[in-house]
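Student: show me how the following folds:
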Amino acid sequence: MQEKLYFYYTNDLHSNFDQWPRVAGFLKEAKASREAANESCWIIDIGDHVDRVHPIAEAFMGKANVTLMNDVGYDLATLGNNEGITLAHDDLFHLYDDADFQVVCANLHSMDDEEPDWLQPTVKIQSIGGVKVGVIGLTAPFNAFYELLDWHVAPPYKTLEKYVERLKRSTDIIVLLSHLGLNEDQEIARRFEAIDVIIGGHTHHLLRTGEFVNNTVITAAGKHCSFAGEVILTWDHARQELVKKEAYTTDITHLAKDMQTEQRLFELEERADEILAEKVVHITSPIEIRWFKDTKIMQELTNTLKDWTKADCAMLNSGLLLDQLPKGDVTYKDIHRICPHPINPVVVELSGDELLEVVRGAFTKDFMELKLNGFGFRGEVLGRMLFSGLDVETDMRETGEEYVRDVTFQGYPLESDRIYTVATADTFTFGRLLPEIAKSETKRYFLPEFLRDLLADTLRDKFGDES
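Tutor: Residues are numbered from 1 along each chain as shown. Sure thing, here's the model as predicted:
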């Protein structure tokens, strides 16, 4: 006799709640259909369900996301970096207190004496026919951030060495929930033959029909839940072995929305509006936002960043602020609306020569007009860079392109070998946007504060009635 086991999964929703009612409808229907046919079925999330870019996630610090997952009937979940490093320690510690599903992540550990009650390194589930499935979860080890929040993420491969053999002895099938990214998933499949399935995420890759590496099927469903994933495993009870592995993804962007979920989101949004309606400051004139021009608000925010971090100088891109502020009361919702990014302040050390290259790079047309998607940035374009603690003189070429003519610090030219501390957005410590910052050997991140927390301080101190 053969038995099919069905796993439906989501990954990297990033609080894209416009799509969520379709996700809910698809998953509810799939689970109901399998249960009606007396077939084994589980619903799983691979992390980054929470993203504080959305007011609901911001107001409830991720707990509303858990409520929405409970409503759908999730069985298992692991954590992504958006759950892990965008919440204060206590908020993450209690994030899943009310979850009706099991949370599995083998390499996340609290640096306090106590682990959360919900955190499990592995779980074992069983099919209707008695097939034992061992599930292990892993999340990306961004310890430069995690350890500032009193968490530690152990190395994935060492963690797997610890748990895979145990699961192999006590289960029939091993499934890894991996918020590590495609390259890591492929390498794990090469190293750990006992893992039958890797359901992935983090790098937002879409594998429409899965990918086989050795005997392991790897799958993932892109980002924002435009697709939902499905894994079908066929177990032969007579032969006592797994005889078929299939992976599929379904485009669900055209499906009807689940009305119960729509109503729940409406209620959560109303409550979020109430929570975020607290007044931060009253301003007597509108505040202008321009992405390609210097503005007072961006200059003052950059000054605040420099003073708050006690760095030699600071730099921020104007694309961080998305909209104007009209005169009147400014609430936390307004601040979240114009600065929704989960971006933290960071201070890096750069030599004078490196700092000069950074400044020059920031004034290129390609940099300012870059439509960045990722690294925490949730805006349209990077925009013009503003500086505090540095005097930057620019001029125009005959082509109409702006260039940097001179950079001084405290009235003197930058010294080639002198080390300067530079405060900026952590966005620039990733990738190749500003290579000198990304390659800096000394980076000091500030958590759990986001740049919008400094924006609130700036508005109070520099733009309120008393200023």
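Student: name the helix or strand for the nearest residue to residue 213 once chain neighbours are set aside, please.
Tutor: Nearest residue to residue 213 in three dimensions, chain neighbours excluded: residue 189, at 3.6 Å (Cβ to Cβ, 6 or more residues apart in numbering). Every C-beta, even on glycine, is put in place using the N, C-alpha and C of the backbone. Element membership of residue 189 [criterion: DSSP states H and E] is helix 182-191.
Student: for that helix, buried residues please.
Tutor: 182, 184-186, 188-189 (16 or more other Cβ atoms under 10 Å).
Student: quick check, nearest of these to residue 287?
Tutor: The closest of these to residue 287 turns out to be residue 182 (Cβ to Cβ; 41.9 Å).
Student: look up how far residue 49 lies from the residue minimising distance to the centre of the chain.
Tutor: What sits nearest the mean C-alpha location of the chain, by Cα atoms, centre = their mean, is residue 82, with 3.4 Å. Per Cβ to Cβ, to the nearest Å, residue 82 is found 8 Å from residue 49.
Student: need the overlap of contacts for these two.
Tutor: Counting by Cβ atoms under 8 Å, 6 or more residues apart in numbering, the residues touching both residue 82 and residue 49 are residue 14.
Student: please, where are all the strands along the stretch 251-400 of the chain?
Tutor: Along the stretch 251-400 of the chain, the stretches classed as strands by DSSP state E, counting those that start in this stretch are 279-283, 313-317, 328-331, 345-351, 385-388, 390-396.
Student: what does residue 162 show for phi and psi?
Tutor: phi -70, psi -40 (degrees, to the nearest 10).
Student: sorry, slip of the keys, the one I care about is residue 214.
Tutor: Given degrees, to the nearest 10, the pair of backbone angles that residue 214 has is phi 50, psi -120.
Student: quickly list what residue 330 is bridged to.
Tutor: Taking DSSP bridges as the rule, residue 330 bridges to residue 281.
Student: residues touching it, list them.
Tutor: 279-283, 459.
Student: straight-line length of stretch 44-52, end to end?
Tutor: End-to-end distance of stretch 44-52 (Cα to Cα, to the nearest Å): 21 Å.
Student: average model confidence for it?
Tutor: If you average the pLDDT over stretch 44-52, you get 98.
Student: does the nearest residue to residue 255 once chain neighbours are set aside count as helix, strand or coil?
Tutor: With sequence-adjacent residues excluded and distances taken as Cβ to Cβ, 6+ apart, residue 255 is closest to residue 22, at 4.7 Å. When classified by DSSP: H, G, I helix; E, B strand; the rest coil, residue 22 comes out as helix.
Student: pretty sure residue 22 sits against residue 262.
Tutor: No - applying Cβ atoms under 8 Å as the test, residue 22 and residue 262 come out as separate, 10.1 Å apart.
Student: before we move on, the earlier item: thought the residue nearest to the centre of the chain was touching residue 51?
Tutor: Yes - between residue 82 and residue 51 there is a contact under Cβ under 8 Å: 5.1 Å.
Student: give me the common contacts of the two.
Tutor: With Cβ under 8 Å, 6+ apart as the test, residue 82 and residue 51 both reach 14, 342.
Student: contacts only, for the residue nearest to residue 213.
Tutor: 195, 198, 213-214, 216, 218.
Student: same question, residue 382
Tutor: Contacts of residue 382 by Cβ under 8 Å, 6+ apart are 317, 319, 367-370, 372, 433.
Student: tell me the pLDDT at it?
Tutor: Residue 382 is given a pLDDT of 97.
Student: for it, grab phi and psi.
Tutor: With angles defined as degrees, to the nearest 10, residue 382 sits at phi -70, psi -40.
Student: what sits against the nearest residue to residue 63 once chain neighbours are set aside?
Tutor: Leaving aside its sequence neighbours, residue 63 sits nearest to residue 95 (Cβ to Cβ, 6+ apart; 6.5 Å). Each residue near residue 95 by Cβ under 8 Å, 6+ apart is listed here: 50, 61-63, 66, 83, 87.
Student: same thing but 7 Å
Tutor: Residues in contact with residue 95 (Cβ atoms under 7 Å, 6 or more residues apart in numbering) are 62-63, 66, 83, 87.
Student: pretty sure residue 445 is in contact with residue 143, am I right?
Tutor: No - using Cβ atoms under 7 Å, residue 445 is not in contact with residue 143; the gap is 10.8 Å.
Student: more neighbours, those two?
Tutor: Legend: neighbour count by other Cβ atoms under 10 Å for residue 445 and residue 143, higher for residue 445 (19 against 14).
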